[in-house]
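Enquirer: Here is a sequence together with a model predicted from it:
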Amino acid sequence: MPGKTVAKSAVATVSGAAGGEDPLSRALRPPADESIAARSERQRKEASAKKRSEEIDKALKEEAIRNKRDRAGEQKMLLLGQAGAGKTTVLKQMRLLYDQSAHQRERRSWRVVVYLNLILAVRAVLEVFEESHEARALNPPSVSRGPGGNASAQSSTESLNSSAINPLAHRNNHGDTSLARLRLAPLLSLEAELRARLGAVDEYADLSDPKVAGAALLAARSQARAEAARPQGKRRAGPTLLLRAGWQDRLLGRANASLNEPPADAADEENVPPPLPDLDSGDVQVGLQEHEIGRLLLASMEDVMSIWQDPRIRKLRRRQKIDERADGASYFLEQMPRIAAADFFPTDDDIMRARVRTVGITEDRFTVDRHTTYRICDVGGSRSQRVFWASFFEDARAIIFLAPVSAFDQKLIEEPRMNRIDDSLELFASIVSNPLLLKVSLILFLNKIDVLERKLAAGIQVSRYFPEYDGPDDFEQVWRFFRTKFREVLASHRSLARDRPCYIHTTCATSTKQIKAILVSVQDTILRE
């Protein structure tokens with residue numbers, strides 16, 4: 001039958017293939033009529049290919065051994081903490097301490113950031129200035145009477161002194177601050193352009209969603225202009241400067257800048273900037289734009305300084321109200337004459353105090369000595385970014401956790417009902433109790449201790465925000481109170497890792513001298529363990 005014939009044929013074919021020569025071997029077999037010359041050439045090529053393959057295998061093995069040896073001396077450290085805790089500042093200090101060449105190379109990229117920080121400071125002080133005059137108009141000061149029934153001269157003397165210090169004051173006694181905003185409008189309008197140049201991200205975007213974060217880049221360009229158009233009394237200082245990790249390289253790449261590094265001994269001089277870089281043809285446009293920014297700052301300086309010296313503003317400065325609007329505002333306003341100069345170039349202090357929050361993961365490697373390399377991972381601290389932390393826990397040797405204790409009177413941006421220190425305590429508890437981190441050394445930085453001291457000196461009461469605190473608003477007792485709260489978190493999870501060390505330091509992340517000493521101590525601790 002035809003069906004049986006086909007079946008027999010198929011079986012015969014399979015049997016022949018199984019018992020015959022391998023198809024690959026048959027394909028690689030030299031032709032039967034190969035000449036002596038062809039055989040010699042073929043054998044030469046085969047030997048060459050074999051040698052090349054062996055060399056590749058050897059190189060891969062050597063690379064694997066080298067990587068294993070390098071990893072043996074590599075210490076992975078994580079910088080963790082809520083947004084605004086000071087992680088990026090600590091990373092800047094590490095770069096200054098362990099990688100001077102990179103620090104100097106990136107110095108120019110900070111000029112635009114410093115300009116923008118100053119403009120945000122101007123916006124903050126202008127808004128506080130407007131609000132203070134509005135409050136004064138709604139609640140005018142009472143006029144005391146002397147024994148003869150005459151009005152006290154104190155109020156009129158204060159008004160005269162205010163007018164002498166602040167040429168805008170006579171126009172603003174009844175809350176009319178429109179002149180000040182009008183005169184400063186050209187400077188404030190630069191905010192949108194500088195944010196766009198830096199590729200700033202909207203701080204209210206859902207940064208866990210790449211599509212939303214991408215769209216936020218466009219939103220940041222128009223946000224500052226929209227703020228300037230808002231009615232008086234409903235404005236707020238510009239949002240935090242939020243940049244994607246690696247923004248320095250992108251900015252310097254566009255500018256095509258080449259920074260002349262100073263001699264090694266000069267690099268150790270704190271706050272001494274290197275000489276201005278020579279600009280090539282690719283730098284001319286950027287240089288001219290930055291020069292124009294400086295000119296506009298100079299033109300606005302008298303108006304800004306007159307507001308800055310206003311008696312009511314001076315009082316609010318003592319209570320840190322300006323710096324709450326824009327972190328570090330006081331520093332940049334005090335430095336405005338230097339920053340506005342044509343030859344301005346950022347100092348180390350400028351770089352450390354410039355406020356930038358990074359989106360994404362910043363990873364750096366620093367060579368500490370011949371046998372040790374730090375691999376530092378700075379992971380974003382906003383609530384939408386914390387979900388990615390766990391992916392970096394593997395192989396971590398130590399965690400530097402930053403808790404800004406100066407934020408005892410502040411709320412989270414993402415959750416207005418949550419006190420920032422309470423959030424830090426919850427976050428610290430999640431780190432301490434994580435099973436992946438039970439063998440990781442913990443270094444706790446109670447950061448921004450300098451701001452805490454200034455707030456207490458200005459009369460801000462801790463018990464108003466932490467009712468359980470019944471002591472005096474003494475700096476030493478207050479920071480020890482907060483240290484105790486973090487120690488209680490450790491104690492509540494001590495059973496999970498009884499032998500795990502935790503080192504606690506009070507820090508001011510902008511102080512290069514202090515952070516350098518602490519990092520050396522941290523280095524000794526990690527290597528000893």
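Expert: Yep, that arrived.
Enquirer: Name the surrounding residues that touch stretch 481-496.
Expert: Residues outside stretch 481-496 that contact it (Cβ atoms under 8 Å, 6 or more residues apart in numbering): 403, 405, 408, 421, 425, 428-429, 432-433, 435, 438, 444, 446, 462, 466, 469, 471, 502, 504, 506. C-beta: built from backbone N, CA, C; applies to glycine.
Enquirer: And the buried ones among those residues, selectable in PyMOL?
Expert: Entered in PyMOL, the line below selects the buried ones among these, by 16 or more other Cβ atoms under 10 Å:
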select buried, resi 403+405+408+421+425+428+429+432+444+446+462+466+469+502+504+506
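Enquirer: Give me the secondary structure label for residue 60.
Expert: helix (DSSP: H, G, I helix; E, B strand; the rest coil).
Enquirer: That one and residue 54: what is the separation?
Expert: Going from residue 60 to residue 54 by Cβ to Cβ, to the nearest Å gives 11 Å.
Enquirer: Then residue 429?
Expert: Between residue 429 and residue 54 the distance is 55 Å, computed by Cβ to Cβ.
Enquirer: Quick one: distance of stretch 294-314 to the chain centre.
Expert: With Cα atoms, centre = their mean, to the nearest Å as the basis, stretch 294-314 stands 28 Å off its chain's centre.
Enquirer: Next, the buried residues of it.
Expert: Quick answer for stretch 294-314 (16+ other Cβ under 10 Å): 294, 296-297, 300-301, 303-308, 310, 312-313.
Enquirer: Just give me the closest of the residues you listed to residue 106.
Expert: Relative to residue 106, the closest of these is residue 294; by Cβ to Cβ it sits at 20.1 Å.
Enquirer: Quick one: mean pLDDT over the helix or strand containing that closest one.
Expert: Using DSSP states H and E, residue 294 falls within helix 284-308. Helix 284-308 shows an average pLDDT of 78 in the prediction.
Enquirer: Going by contacts, tell me the helices and strands next to it.
Expert: Applying 3 or more Cβ pairs under 8 Å, 6 or more residues apart in numbering; DSSP states H and E, one finds that helix 284-308 contacts helix 110-138, helix 178-188, helix 190-198, helix 336-339.
Enquirer: list the helices and strands the shortest one packs on?
Expert: Using 3+ Cβ pairs under 8 Å, 6+ apart as the contact test, the elements touching helix 336-339 are helix 110-138, helix 284-308.
Enquirer: can you count the residues close to residue 102?
Expert: For residue 102, the count of nearby residues is 14 (other Cβ atoms under 10 Å).
Enquirer: so what's it closest to, chain neighbours aside?
Expert: Residue nearest to residue 102 in three dimensions, not counting chain neighbours: residue 95, with 5.7 Å by Cβ to Cβ, 6 or more residues apart in numbering.
Enquirer: Test my guess that the one you found contacts residue 362.
Expert: No - using Cβ atoms under 8 Å, residue 95 is not in contact with residue 362, being 10.3 Å away.
Enquirer: how about the helices and strands packed on helix 284-308 in JSON lines, adding mean neighbour count, mean pLDDT and distance to residue 48?
Expert: Formatted as JSON lines, the helices and strands packed on helix 284-308 follow (neighbours: other Cβ atoms under 10 Å; pLDDT from 0 to 100; distance: least, Cβ to Cβ, whole Å):
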{"stretch": "helix 110-138", "mean neighbour count": "22", "mean pLDDT": "85", "distance to residue 48": "54"}
{"stretch": "helix 178-188", "mean neighbour count": "16", "mean pLDDT": "88", "distance to residue 48": "69"}
{"stretch": "helix 190-198", "mean neighbour count": "20", "mean pLDDT": "86", "distance to residue 48": "53"}
{"stretch": "helix 336-339", "mean neighbour count": "16", "mean pLDDT": "95", "distance to residue 48": "64"}
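Enquirer: among the helices and strands packed on helix 336-339, which is nearest residue 515?
Expert: Comparison of these against residue 515 by Cβ to Cβ identifies helix 110-138 as nearest, at 17.7 Å.
Enquirer: could you give the angle of that closest one to helix 284-308?
Expert: Relative orientation of helix 110-138 with respect to helix 284-308: 30 degrees, computed using axes from the mean of the first three to the mean of the last three Cα atoms, to 10 degrees.
Enquirer: Just want the angle from helix 110-138 to helix 178-188.
Expert: Orientation check (the same axes, to 10 degrees): helix 110-138 against helix 178-188 gives 170 degrees.
Enquirer: what angle separates helix 110-138 from helix 190-198?
Expert: Using the same axes, to 10 degrees: helix 110-138 against helix 190-198 is 150 degrees.
Enquirer: helices and strands around helix 110-138, which ones?
Expert: Under the contact definition 3+ Cβ pairs under 8 Å, 6+ apart, helix 110-138 sits against helix 178-188, helix 190-198, helix 284-308, helix 311-318, helix 321-325, helix 329-334, helix 336-339, helix 348-353.
Enquirer: any chance of those helices in TSV, with distance to residue 83 too?
Expert: As requested, those are exported to TSV (distance: least, Cβ to Cβ, whole Å):
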stretch	distance to residue 83
helix 178-188	25
helix 190-198	18
helix 284-308	27
helix 311-318	25
helix 321-325	15
helix 329-334	18
helix 336-339	26
helix 348-353	17
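Enquirer: Can you tell me which of those helices is nearest to residue 475?
Expert: Nearest to residue 475, of all those, is helix 311-318, at 15.4 Å by Cβ to Cβ.
Enquirer: for that closest one, packing partners?
Expert: Judged by 3+ Cβ pairs under 8 Å, 6+ apart, helix 311-318 is in contact with helix 110-138, helix 153-165.
Enquirer: make it 7 Å
Expert: With contacts taken as 3 or more Cβ pairs under 7 Å, 6 or more residues apart in numbering; DSSP states H and E, helix 311-318 sits against helix 110-138.
Enquirer: Okay, angle between the helix it packs on and helix 311-318 too, please.
Expert: 120 degrees.
Enquirer: Summarise which helices and strands the helix or strand harbouring residue 377 is packed against.
Expert: Assigned by DSSP H and E, residue 377 falls within strand 372-379. Applying 3+ Cβ pairs under 7 Å, 6+ apart, one finds that strand 372-379 contacts strand 74-80, helix 87-98, strand 361-369.
Enquirer: Now that strand: buried residues?
Expert: By 16+ other Cβ under 10 Å, the buried positions in strand 372-379 come out as 373-379.
Enquirer: again with stretch 95-104
Expert: Counting neighbours by 16+ other Cβ under 10 Å, stretch 95-104 gives 95-99, 103-104 as buried.
Enquirer: Need the CA coordinates for it. PDB is fine.
Expert: This file holds the C-alpha atoms of stretch 95-104, laid out as PDB (Å, rounded to 0.1, in the frame of the first residue of the first chain):
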ATOM      1  CA  ARG A  95      34.600  63.900  45.700                       C
ATOM      2  CA  LEU A  96      36.500  66.800  47.200                       C
ATOM      3  CA  LEU A  97      38.400  64.500  49.600                       C
ATOM      4  CA  TYR A  98      39.000  61.500  47.400                       C
ATOM      5  CA  ASP A  99      38.800  62.700  43.800                       C
ATOM      6  CA  GLN A 100      40.200  66.200  43.500                       C
ATOM      7  CA  SER A 101      40.600  66.000  39.700                       C
ATOM      8  CA  ALA A 102      36.900  65.300  39.200                       C
ATOM      9  CA  HIS A 103      35.900  68.000  41.700                       C
ATOM     10  CA  GLN A 104      38.000  70.600  39.800                       C
END
